[in-house]
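# Predicted model and sequence follow; I will ask about them next.
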There are 2 protein chains.
Amino acid sequence: MAGRSDREQDRPRDPAAGLALLWGEQGRPTRGPKPRLSPQRIAAAAAELADAEGLDAVSMSRVAGGFGVSAMALYRYVPGKTELVALMVESVLAEAPDLSRVPEGDWRAAVREWTRCCARVYADHPWLLGATAMRRQLMGPCQLSWLDAALAALEPTGLGAAQRHQVFLLLIGLVRNLAQQLGDHDEEGSEEWDRLSAELLARHADRFPALARAVAEGAFEPDGTDALAFGLDRILDGVEALMTGRE
Amino acid sequence: MAGRSDREQDRPRDPAAGLALLWGEQGRPTRGPKPRLSPQRIAAAAAELADAEGLDAVSMSRVAGGFGVSAMALYRYVPGKTELVALMVESVLAEAPDLSRVPEGDWRAAVREWTRCCARVYADHPWLLGATAMRRQLMGPCQLSWLDAALAALEPTGLGAAQRHQVFLLLIGLVRNLAQQLGDHDEEGSEEWDRLSAELLARHADRFPALARAVAEGAFEPDGTDALAFGLDRILDGVEALMTGRE
DNA sequence: TGGATGTGCTTACGGTATATACAGTTGTCT
DNA sequence: AGACAACTGTATATACCGTAAGCACATCCA
């Protein structure tokens, strides 16, 4: 109940060290006793813990406890918790998006597939949203390869590099917002929360006419439509309009 | 350096009490001494502190210290920190979007104006992103009035309620992602971070061909183009395509 | 005036990240 | 072989955090 965990927005005190760790550019020592752990194993265990109990459950103590060692032992492998979270993100993003199945040159299909893969990762690891909500994130190779894949998928559009980047931002924004929506919905006590909100809204319906109309029309009922597909189609249509309209 | 702050994803132990507080539906007592503080004043002070030093600086001690009282004194007005953050959000969202200037019926202008207002709030209060990154957020009247304004702006499109809601999600996603990008950029030590990243990317350029090409084209240079306007136009075009294509 | 009620404070607990100093282990070099 | 340096893991300590519980006092109603 007490002592919530971190927000990770403090910058690591030594960005270079953190990046070197993420990129696996650390000289491995030969002198002392064999290390029993490794940054990757620690990150994997932490990610597993986060999958099971949420990001808040990931504390140095808990993670270390899983290995039967003390909390301070982890600091031999990881500069600090900021870097540990970055490693967790990398470990989850290791499975690069598989865009081999899409037909050559069909950029819509490629972008669609990339977005779906991305959304699946966020769905499988709900803590990813919070872990990447930090400022000035340390970006590792896996994260960059996702970015690379998206930019590659967008190259057939003929858009400029800056615009490809902008579209990427749109896509990742869509995925992340949807992830937040989904994470909100399937939590315990959801029905009571919905009931409270509905009652409040009904009591103040006059203050929110457009919202009340939307609710009456069932805008917030969990219908079968795929929200991801909808947003994706809007973005793709917008990109298409840009292509045909100006080039 | 130690003791980072919370992530607010723990649910308040009593959602009903939190909501009542947000909606100002608490019976005011007459018996005891006049309260020297109020939830709103506390939230305003906390928001000011967050504006100046970031969300991490907002602790019960710090906020209470600003009033010259002890930390525990705040718990007479606010159930816990989760609710305090929700109140902070409400206080910042109190200035509802001003859509009176847009010409009647021009839904594109209205949506554009709403998005710009929203983006300005996020720019003025960078901590808003982190404060609303929680799950199952307590939604107060101010937040709902923003939602209402967006839905109202979308009504002239003739889209269904569910689709209006989806477009709203797209818009807020755009704003939030841009806020994260902007927050990333104007931090101290940004140039060193950029240098490190560029060097790493150059060293592994073969692993990220599309990314390398984009960098070479200057995709990540801070050019003068308005990223918000770009994403907004993509979304608006996508919506327009949906309107004309299917109805 | 008395009692009820609410305010503000003090103390304390269990949690967090992590700095520092130390003990034990292991490889390399003389 | 023996010395030494490097490395691992632990124990201790600091400085925070949110907050539960209880106490002393102020204020209003009867």
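Right, received. Where do you want to start? As the structure is a prediction and not an experimental result, all values here were calculated from the model.
# any idea which helix or strand carries the nearest residue to A:V215 once chain neighbours are set aside?
Closest residue to A:V215 in three dimensions, ignoring its sequence neighbours and counting by Cβ to Cβ, 6 or more residues apart in numbering or on different chains: A:L201, at 6.6 Å. No exception for glycine: its C-beta is placed from N, CA and C like everyone else's. Under the criterion of DSSP states H and E, A:L201 resides in helix A:190-203.
# follow-up on the earlier one: okay, the residue nearest to A:V215 and A:E191: tell me how far apart.
16 Å (Cβ to Cβ, to the nearest Å).
# what about the helices in chain A?
Along chain A, counting by DSSP state H, helices occupy A:15-22, A:39-53, A:60-67, A:81-92, A:107-124, A:127-131, A:141-154, A:161-185, A:190-203, A:209-216, A:227-246.
# Flag every buried residue along the longest one.
Right, helix A:161-185. The neighbour-count check on helix A:161-185 (16 or more other Cβ atoms under 10 Å in any protein chain shown) flags A:161-180, A:182-183 as buried.
# Who are the packing partners of that helix?
If contacts are counted by 3 or more Cβ pairs under 8 Å, 6 or more residues apart in numbering or on different chains; DSSP states H and E, helix A:161-185 sits against helix A:107-124, helix A:127-131, helix A:141-154, helix A:227-246, helix B:161-185, helix B:209-216, helix B:227-246.
# what's the answer for the fourth one, then?
For helix A:81-92, the contact count by 3+ Cβ pairs under 8 Å, 6+ apart identifies helix A:15-22, helix A:39-53, helix A:60-67, helix A:127-131, helix A:141-154 as packing neighbours.
# Low-confidence ranges, chain A, go.
Residues of chain A meeting the criterion pLDDT under 70: A:1-11, A:29, A:134-136, A:185-190, A:246-247.
# Most remote residue from the middle of chain A, which is it?
Relative to the mean C-alpha coordinate of chain A, counting by Cα atoms, centre = their mean, the farthest residue is A:R31 (38.5 Å).
# show me what contacts the residue nearest to A:V215?
With contacts defined as Cβ atoms under 8 Å, 6 or more residues apart in numbering or on different chains, A:L201 is in contact with A:208, A:211-212, A:215, B:144.
# hang on, the earlier thing: relative to B:F220, which of the helices of chain A is closest?
helix A:161-185 (6.6 Å; Cβ to Cβ).
# That closest one vs helix A:227-246, what angle?
Interaxial angle, helix A:161-185 versus helix A:227-246 (axes from the mean of the first three to the mean of the last three Cα atoms, to 10 degrees): 160 degrees.
# Helix A:161-185: how far from the chain's middle?
The gap between where helix A:161-185 is centred and where its chain is centred comes out at 9 Å by Cα atoms, centre = their mean, to the nearest Å.
# Now do A:S61: how many residues are near it, please.
Residues lying near A:S61 (other Cβ atoms under 10 Å in any protein chain shown) number 12.
# For the helices of chain A, give me CSV that also has distance to DNA strand D.
Putting the helices of chain A into CSV (distance: least, Cβ to the nearest atom of the strand, whole Å) gives the following:
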stretch, distance to DNA strand D
helix A:15-22, 13
helix A:39-53, 10
helix A:60-67, 7
helix A:81-92, 13
helix A:107-124, 27
helix A:127-131, 17
helix A:141-154, 22
helix A:161-185, 20
helix A:190-203, 18
helix A:209-216, 30
helix A:227-246, 32
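# Turn those helices into a markdown table, columns for distance to B:A109.
Listed next are the helices of chain A as a markdown table, based on distance: least, Cβ to Cβ, whole Å:
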| stretch | distance to B:A109 |
| --- | --- |
| helix A:15-22 | 43 |
| helix A:39-53 | 44 |
| helix A:60-67 | 51 |
| helix A:81-92 | 39 |
| helix A:107-124 | 29 |
| helix A:127-131 | 32 |
| helix A:141-154 | 29 |
| helix A:161-185 | 21 |
| helix A:190-203 | 28 |
| helix A:209-216 | 17 |
| helix A:227-246 | 17 |
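# quick one, which of those helices is nearest to B:D51?
Proximity to B:D51 (Cβ to Cβ) singles out helix A:127-131 among those, at 22.3 Å.
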